[in-house]
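[1] Need coordinates for the below:
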Amino acid sequence: EAGLKDKYHSPKEPVITEEAKAWIINIACNKPTAYGYAAEVWSRQSLATHARKFGTIEGHACLAKAVKATIQRILSEHPIRPHKIAYYLERRDPDFENKMQTILMVYKEVNLTTDKMQNGETPDIITVSIDEKPGVQAIRNIAPDILPNPEKNSRIMRDYEYKRMGTVSILASLDLNTGHVIGQVHDRHRSSEFISLLDEVDAFYPKGHTIRIILDNHSAHISKETMAYLATKPNRFVYVHTPKHGSWLNMIEMLFGKMARTFLKHIRVYDKAELKQRIILWIKEINDAPVVFRWKKFNINLEY
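    Purely as a prediction, here's the structure:
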């Protein structure tokens, strides 16, 4: 059986030494700025150019004719991909894991409560997820859109120029049991706007129920004005904070993500007033056919 297969062989000894490969890998594990270049990340071509320019000076004459394919073969052996960027979340909260586990336990309880509500039971604790989406741009077209026409164009045609008309902030509360959304749109998102949202949430739900709020550590959520308002509503609201730099644990981000991918993606309006009106209309459409978001991943491995 061994005789039926060719063993690896090369007619010539390798030209690139192991030391030269290690030198390339070491460079690839640093940013180009460390070597006086303007680029943020290496490309294989820029690595090859650097190797040809400085390889011989550093004692690696075998790199004098290095090309892009040479660098690719060296990098693929380890593997190192210095031309790619992947994102991670730095843990800035020393109590990150405990706070995360608290949030996940709330989500487990919410899932069980949602199942009970389908059998007609009413929960004593109402759980909502609250956050803000700031910086939503009101963008006006300079020229009118050209609508699809079977004889001319299959898509909406839009002039590339536009005019910015300002930004708004969306404040929203997502009921984790029913999917109902309470939303407001303001020019800013200070304590007064946040208190306005809490007032609407308080008026919407029956008295006597505790409203458990999952929210981040934004200053408006814990300001003196907000704390004074909460003091007027004893035993009505209970805060459950996400860890610092851990807003991805807040389920309302799923709603905002859906909004960004669909409704807001190509929106054009005349002014901020129209943008506010259409956002409120979109929230009403969501509530006409609410979607219950469920958290399913309870075993989270924090690598960083």
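[2] residue contacts, L147?
    Taking Cβ atoms under 8 Å, 6 or more residues apart in numbering as the criterion, L147 is in contact with I156. Any C-beta I mention is one placed from the backbone N, CA and C, and that applies to glycine too.
[3] likewise Y37?
    S46.
[4] Equivalent analysis for L75, please.
    I24, I25, A28, R44, R81, P82.
[5] Check whether the closest residue to L104 other than its chain neighbours sits in a helix, strand or coil.
    Among residues not flanking L104 along the chain, F298 sits closest, at 5.4 Å (Cβ to Cβ, 6 or more residues apart in numbering). Following DSSP: H, G, I helix; E, B strand; the rest coil, F298 is assigned to coil.
[6] Can you report how many residues lie near F298?
    By other Cβ atoms under 10 Å, 11 other residues sit near F298.
[7] pLDDT value on it, please?
    Looking at F298, its pLDDT reads 74.
[8] ok, now N141?
    For N141, pLDDT reads 94.
[9] There's contact between it and Y160 in this structure, I believe.
    No - with contact defined as Cβ atoms under 8 Å, N141 does not count as touching Y160 (10.1 Å).
[10] So between those two, which is more surrounded?
    N141 (14 against 6).
[11] Would you mind listing where the protein has pLDDT under the threshold?
    Under the criterion pLDDT under 70, the flagged ranges of the chain are 300-304.
[12] From F96, how far out is the most centrally placed residue in it?
    In the chain, the residue lying closest to the centroid (Cα atoms, centre = their mean) is W248, at 7.1 Å. Counting by Cβ to Cβ, to the nearest Å, the separation of W248 from F96 is 12 Å.
[13] quick one: the helices in the stretch 101-250 of the chain?
    191-204, 219-222, 224-231 (DSSP state H, counting those that start in this stretch).
[14] Dump those helices into CSV; add mean neighbour count and distance to V106 as well.
    As requested, those are arranged in CSV below (neighbours: other Cβ atoms under 10 Å; distance: least, Cβ to Cβ, whole Å):
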stretch, mean neighbour count, distance to V106
helix 191-204, 16, 17
helix 219-222, 16, 17
helix 224-231, 13, 19
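[15] Looking at those helices, which is nearest to R164?
    With Cβ to Cβ as the measure, helix 191-204 is the member of the helices of the stretch 101-250 of the chain nearest R164 (21.8 Å).
[16] That closest one to helix 224-231, inter-axis angle?
    20 degrees (axes from the mean of the first three to the mean of the last three Cα atoms, to 10 degrees).
[17] what's helix 191-204 packed up against?
    Other helices and strands packing on helix 191-204, by 3 or more Cβ pairs under 8 Å, 6 or more residues apart in numbering; DSSP states H and E, are strand 125-141, strand 162-175, strand 181-186, helix 219-222, helix 224-231.
[18] Out of those, flag the one nearest E285.
    strand 181-186 (10.1 Å).
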